[in-house]
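[1] the following block contains a protein sequence and its predicted model.
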Amino acid sequence: MAFIVKADLTSIIYEEDIDVITESNDAIVQNAIDVGIAEAYTYLAKFDIPTLFAAVPPFRDPVLFESCKAIAVWYLVKLCPANQDTKEITEGARVARAWLKRIQDGSAVPYNWPLAPVADLDTFFHVASFPKRINNF
């Protein structure tokens, strides 16, 4: 199951509006969802991304889910005509990005998120220096 589907976006924007914006082309909706999730990936490099985004609804992080939806809807609403009022959606995407940046810089620590596996650093590294010299004057 996908992390976000078209029906999930209806908590932010009406399905009729989605169909009007995309002219009922679900490929455009899926592209906006994919771009929104891909943007979230860029902020979450230190976490186990496949595990985070493979979670099923009872175990899915609700804030991450809502943030990805807000960003996906923002990419979708960019296709609106210029006379549409999109301030609330733009603000929602801004808040979602700010939250992801706080996670990225470590000022916000999500509860119970798995960290990315650490690469095995089984390499030889040796540091040496010359012995300390004693100077007598």
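    Everything's here; your move.

[2] need the contact list for D48.
    Residues counted as contacts of D48 (CB atoms under 8 Å, 6 or more residues apart in numbering) are W113, P114, L115, A116, P117. Just so you know, the C-beta spots here come from the backbone N, C-alpha and C atoms, and that holds for glycine as well.

[3] list only buried entries from these.
    Buried members of the contacts of D48, counted by 16 or more other CB atoms under 10 Å: none.

[4] tabulate the residues you listed (CSV), appending secondary structure and distance to L76.
    Below are the contacts of D48 laid out as CSV (DSSP: H, G, I helix; E, B strand; the rest coil; distance: CB to CB, whole Å):
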residue, secondary structure, distance to L76
W113, coil, 27
P114, coil, 29
L115, strand, 32
A116, coil, 29
P117, coil, 34
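
[5] among those, name the least confidently predicted one.
    In terms of pLDDT, the lowest of those is P117, showing 84.

[6] any idea how far it is from E91?
    With distances defined as CB to CB, to the nearest Å, the gap from P117 to E91 amounts to 36 Å.

[7] before I go, just wanted to say thanks for your time.
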